[in-house]
Every structure is written in C-alpha cells, then in structure tokens.
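J.: Any chance you could fold what I've pasted below:
(one chain, ligands or ions: 1)
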Amino acid sequence: MRVRVDELGNKRRVFGLDLDRQWAVQAVAEALDGEVEALAGTLSLRALSGGVMVSGDLRAVVRRACDRCLSAVHHTLGGDLDLYFEAEPLAGDVNVSLTPDELDVGFTERGELDLAAVISEFFVLESSARLRCGDPGVRRLEPGDCSVGTTDEESVPVAASPFGALKDFEA
Ligand SMILES: [Zn+2]
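T.: Modelled structure (predicted):
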C-alpha cells in the first residue's frame, strides 16, 4: 500500500488495519518471522515539512519461536506509534549523514510512502532482538520449561577434545 505524499495535502488520511488487510498482515509476518494471528489498529498520515508524520496505534499477536528453547510462543506486542518519514535525500547529495539517533527515521521513496514498510519498521522496533518464553507479552504454547537442549556444545565431554591426549602427555 503506497501513498503519494503530494496527494495528502492538508488532509489527514486514516487507515484502519485488521487481518483482512493482506499487505499489512504480510508486513508483520515478515518483520517478526512468524504467523500473524491478530492485527488491529489505525495509521493516521499527515504531510509535514516535505515528509510524512505517521501516528496511531498497532497491536498484533504473532505465533513465533522462542530463541532459546525453540518452543512455539504467542507474542503480543504493539502500542502507540509516532514515526516520521523524511523526503528521500537527493541522489548524489554527499552532505547527508545520519547520526545513530536518526537511524530510526525512515524515508519516503520517489514521493511515496510505503505503508508496509512503516508497519514493518514499527514492529521491528517494538520487538526485542531475542525472543524468550516469559518475556513481556510472550506466552509459551507448549508445556515444559524454557531451556536449551542437552545437545548444547558445553555438554561435549572433555575427553572428546583432541587436546585431551595432549593434557595426558603433559602430566
Ligand atoms: Zn523458550
């Protein structure tokens, strides 16, 4: 879903989002690498200083996998949204430099704002880099504890190491 910035004018455009909006569901699924089971919210767009101010709220429930135990979890996340998308820098403009604080700011492309990119960026910002059972909003769907499997590298016996023989030699 793309919106032309110059067509916004002084009007505010509001988009309601739910599971029927396939492009939105797909954006969330790709951003969080999971299956979207619920999606609700609104995006309100307003032209501002050549770019677009996007405000509103978005909430989703996504079926994902815990990064530690790989168990299936329901991740409920979202909230209020306020993101600014600047007009894209002109090609060849060497004066453009971004400080780390500004890296969260997106850009419009060829005078258009891609709402799928807005949604994707919002949910990436809302989600922690590593997802674990018991984190806020994360509910494990299978019984059992969240722990790494016994095939973890640390459980490999020392004797299996080629350095085991060297250790015997030194003794
Ligand atoms: Zn887990």
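J.: Just the pLDDT at the residue nearest the centre of the chain, thanks.
T.: In the chain, the centroid-proximal residue (Cα atoms, centre = their mean) is residue 124; its distance is 1.7 Å. In this prediction, residue 124 carries a pLDDT score of 93.
J.: Let me know the secondary structure of it.
T.: Using DSSP: H, G, I helix; E, B strand; the rest coil, the structure places residue 124 in helix.
J.: residues touching it, list them.
T.: 31-32 (Cβ atoms under 8 Å, 6 or more residues apart in numbering). Every residue, glycine included, has its C-beta placed from N, CA and C.
J.: Distance-wise, check it relative to residue 111.
T.: 24 Å (Cβ to Cβ, to the nearest Å).
J.: ok, now residue 66?
T.: 42 Å.
J.: neighbour-wise, which of the two wins?
T.: residue 66 (21 against 14; other Cβ atoms under 10 Å).
J.: quick one: low-confidence ranges for the protein?
T.: 89-105, 149-171 (pLDDT under 70).
J.: what distance separates the start and the end of stretch 137-147?
T.: By Cα to Cα, to the nearest Å, the extent of stretch 137-147 from end to end equals 18 Å.
J.: And it, what's buried?
T.: For stretch 137-147, the neighbour count (16 or more other Cβ atoms under 10 Å) marks 137-138, 140, 146 as buried.
J.: quick one: which of these is nearest to the ion?
T.: residue 146 (3.1 Å; Cβ to the ion).
J.: Give me the secondary structure label for the residue nearest to the closest one when sequence neighbours are not counted.
T.: Nearest residue to residue 146 in three dimensions, chain neighbours excluded: residue 133, at 3.7 Å (Cβ to Cβ, 6 or more residues apart in numbering). For residue 133, the assignment made with three-state DSSP gives coil.
J.: Could you check how far residue 133 is from residue 61?
T.: Counting by Cβ to Cβ, the gap from residue 133 to residue 61 is 16 Å.
J.: now swap in residue 128 and tell me
T.: Residue 128 is 16 Å from residue 61, by Cβ to Cβ.
J.: Kindly report the same for residue 39.
T.: Distance from residue 39 to residue 61, by Cβ to Cβ: 8 Å.
J.: With neighbour numbers in mind, choose between the two.
T.: residue 39 (23 against 19).
J.: So which residues of this structure form strands?
T.: 2-4, 13-17, 35-48, 51-65, 72-86, 106-107, 112-114, 138-140 (DSSP state E).
J.: Output the contacting helices and strands for the fifth one.
T.: Read it as strand 72-86. strand 35-48, strand 51-65, strand 106-107, helix 115-126, strand 138-140 (3 or more Cβ pairs under 8 Å, 6 or more residues apart in numbering; DSSP states H and E).
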